[in-house]
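1. Mind looking at a prediction? Sequence and model below.
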Amino acid sequence: MGYGLIKAEGNVITLLDMGVLQPGKIKDTYKKLQLIFNTVSGLITKYQPDTFAIEAPFFGKNVQSMLKLGRAQGVAIAAAMRHGIEVTEYSPKKVKQSVTGNGNASKEQVAKMLQEAREQSAREEKEMEKRVAVSAAKLAVEMVQKSIQDVFTPKEQAEAIEKLAKNLKTVK
């Protein structure tokens, strides 16, 4: 059973955490369910999400697998409800359609679209870092200029600003 936590601000979606619960190593069925409940509760406590979305069960041929999946999802939903979080279910087809534009997309196509979104987010983050660095440099120059004005003559100020400008160029 996998999970992913995202933060959405405007058009920007940031991945906060993701993982896979692997209760298969635990023999006791109820301990597995407890692990799911505790993990989901812990994630909710840590990240304080506003909503909880889960994929609706799909109909498979193996009845035992369907029952196990239903229990696992039920426990995850119960954990969200215990924390007072709104729960929404989406069909597998709706999830695929939302991510790829095609409700019949393969898992590989969904993964590729999500990977592209993560890469775009990383590029935007690097661009934002550059903007912050430029703003910080501008602020530093302004602060130095103000300090210089209080101590040095206009000619000394110009020389100091020129030196600072050269130093900033070598940092790039």
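-> That came through fine.
2. what is the mean pLDDT for the strand or helix carrying Thr88?
-> When elements are assigned from DSSP states H and E, Thr88 belongs to strand 86-90. For strand 86-90, mean pLDDT rounds to 89.
3. list the buried ones in the following helix or strand past that strand?
-> Past strand 86-90, further along toward the C-terminus, the next helix or strand under DSSP H and E is helix 92-100. Going by neighbour count (16 or more other C-beta atoms under 10 Å), the buried part of helix 92-100 is Val95, Lys96, Val99, Thr100. Every residue, glycine included, has its C-beta placed from N, CA and C.
4. counting contacts, what elements does helix 92-100 pack onto?
-> helix 107-151 (3 or more C-beta pairs under 8 Å, 6 or more residues apart in numbering; DSSP states H and E).
5. on that earlier part again, which one in the buried residues of helix 92-100 is the model shakiest on?
-> Val99 (78).
6. residues touching it, list them.
-> Residues in contact with Val99 (C-beta atoms under 8 Å, 6 or more residues apart in numbering) are Ala105, Val110, Met113, Leu114.
7. What is the neighbour count of Met1?
-> 19 (other C-beta atoms under 10 Å).
8. Let me know the pLDDT of it.
-> 77.
9. Can you tell me the closest non-neighbouring residue to Gly24?
-> Lys32 (7.8 Å; C-beta to C-beta, 6 or more residues apart in numbering).
10. Surely that neighbour is within a helix?
-> Yes. Under DSSP: H, G, I helix; E, B strand; the rest coil, Lys32 falls within a helix.
11. Run through the residues that contact the residue lying closest to Glu86 once chain neighbours are set aside.
-> Using C-beta to C-beta, 6+ apart and skipping residues adjacent in sequence, the residue nearest Glu86 is Thr51, 5.1 Å away. Taking C-beta under 8 Å, 6+ apart as the criterion, Thr51 is in contact with Ile85, Glu86, Val87, Thr88.
12. do Val20 as well
-> Applying C-beta under 8 Å, 6+ apart, the residues near Val20 are Met1, Gly2, Tyr3.
13. need those in TSV with secondary structure and distance to Leu43, can you?
-> Converted to TSV, these look like this (DSSP: H, G, I helix; E, B strand; the rest coil; distance: C-beta to C-beta, whole Å):
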residue	secondary structure	distance to Leu43
Met1	coil	12
Gly2	strand	12
Tyr3	strand	7
